[in-house]
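**Q** Turn this into a model:
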Amino acid sequence: MDLEKFRNDVSEMTDKLSKNLKENDVSKLQYVRQQLIEMYRKNLVKINHSILELICASTLISRGYAVEVEKDITDILVCDIFAKKGGGNTIIEIETGFTPPEHAMDTIDYFSARIMSKIARYSQYCSKFSLATPVVGILPISKIFLLPPNARKKEDVQKIKDLCDRYYKNPSIKYDDILNAHLHSIYLINIDKGFAKELDPQGYVDLTDRLLNRSEVNY
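**A** Sure, this is the predicted structure:
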């Protein structure tokens, strides 16, 4: 643990992001920075993830939200970003695409289950739920979450539950949580330039489909 380096890195990013904020909003981002420093002291956060949280927090602060990071929302759930504005709130979960070594042989299934389980678990605790990822990664978004709950087929919901049950048993993901889950948007984070671009889920799925199709090699 190198507290001085962590403090310097998050301070540098905070200064960079502050240039695009109103003067009255700079202190709100500094509050987030201080939260992250205190959590690093307790070995609860890492620098890569903290930088991503700062960028997303800055985007929300610029839109008038009050932001907290690493917030407890239940006894077992901690969200990356929790933001409030007026009578509504939003939760953002940041995904980097990391999978543990024990899932080296089923990386895609594991990552897909993790994404779907987060949408199902977290979205019930907020007005708007979003995922965020660096621009270098692609999130496997199931198209079921592009549909309203009353348009989701029972067999499709069950298929997602079966996949999640392979990896999440304590507690398991409830059928109704998948049925009623909602995904408001996906944030693409440009770390080098210090900004996050928000896309609607359909737009993101269309974009990633085009990227994947173009990446296919024809022999």
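**Q** what ranges do the helices span in the protein?
**A** In the chain, the segments counted as helices under DSSP state H are 3-18, 23-41, 47-62, 107-122, 154-167, 175-180, 201-214.
**Q** what's the closest of the ones you listed to Ile141?
**A** Nearest to Ile141 among the helices of the chain is helix 201-214; the distance by Cβ to Cβ comes to 5.5 Å. Placement of C-beta: from N, CA and C, glycine included.
**Q** residues of that closest one that come out buried?
**A** Across helix 201-214, burial judged by 16 or more other Cβ atoms under 10 Å covers Pro201, Tyr204, Val205, Thr208.
**Q** Check those residues against Thr99 and report the nearest one.
**A** Thr208 (18.1 Å).
**Q** Once you drop chain neighbours, what's closest to that closest one?
**A** Spatial nearest neighbour of Thr208, excluding adjacent residues (Cβ to Cβ, 6 or more residues apart in numbering): Ile138 at 5.1 Å.
**Q** can you tell me which residues contact the one you found?
**A** Contacts for Ile138 (Cβ atoms under 8 Å, 6 or more residues apart in numbering) come out as Gly97, Thr208, Leu211, Leu212.
**Q** OK, contacts around Arg63?
**A** Lys85 are the contacts of Arg63 under Cβ under 8 Å, 6+ apart.
**Q** Ile186 versus that one, what's the distance?
**A** 16 Å (Cβ to Cβ, to the nearest Å).
**Q** same deal with Arg210?
**A** 15 Å.
**Q** Next, the buried residues of stretch 184-203.
**A** For stretch 184-203, by 16+ other Cβ under 10 Å, it's 184-189, 191, 194-196, 198-199, 201.
**Q** of all the helices of the chain, which lies closest to Pro148?
**A** Closest to Pro148 of the helices of the chain is helix 175-180 (Cβ to Cβ; 9.8 Å).
**Q** list the helices and strands that closest one packs on?
**A** Contact partners of helix 175-180 among helices and strands, from 3 or more Cβ pairs under 8 Å, 6 or more residues apart in numbering; DSSP states H and E: helix 107-122, helix 154-167.
**Q** So for Asp2, which of the ones you listed sits nearest?
**A** For those, the distance to Asp2 is smallest for helix 107-122, at 28.7 Å, taking Cβ to Cβ.
**Q** How about residues contacting that closest one?
**A** Counting by Cβ under 8 Å, 6+ apart, helix 107-122 makes contact with 73, 77, 79, 91, 93, 95, 97, 99, 103, 129, 131, 139-142, 145, 160, 163-164, 166-168, 173-174, 177-178, 181-183, all of which sit outside it.
**Q** Run the chain-centre distance for that helix.
**A** Relative to its chain's centre, helix 107-122 lies at 11 Å (Cα atoms, centre = their mean, to the nearest Å).
**Q** Flag every buried residue along it.
**A** Buried, per 16+ other Cβ under 10 Å, within helix 107-122: 110-122.
**Q** TSV for the residues you listed, including distance to Thr59 and pLDDT?
**A** Shown next, in TSV, are these (distance: Cβ to Cβ, whole Å; pLDDT from 0 to 100):
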residue	distance to Thr59	pLDDT
Tyr110	29	96
Phe111	24	95
Ser112	26	95
Ala113	28	96
Arg114	23	96
Ile115	21	97
Met116	24	97
Ser117	25	97
Lys118	19	97
Ile119	20	98
Ala120	24	97
Arg121	23	97
Tyr122	18	98
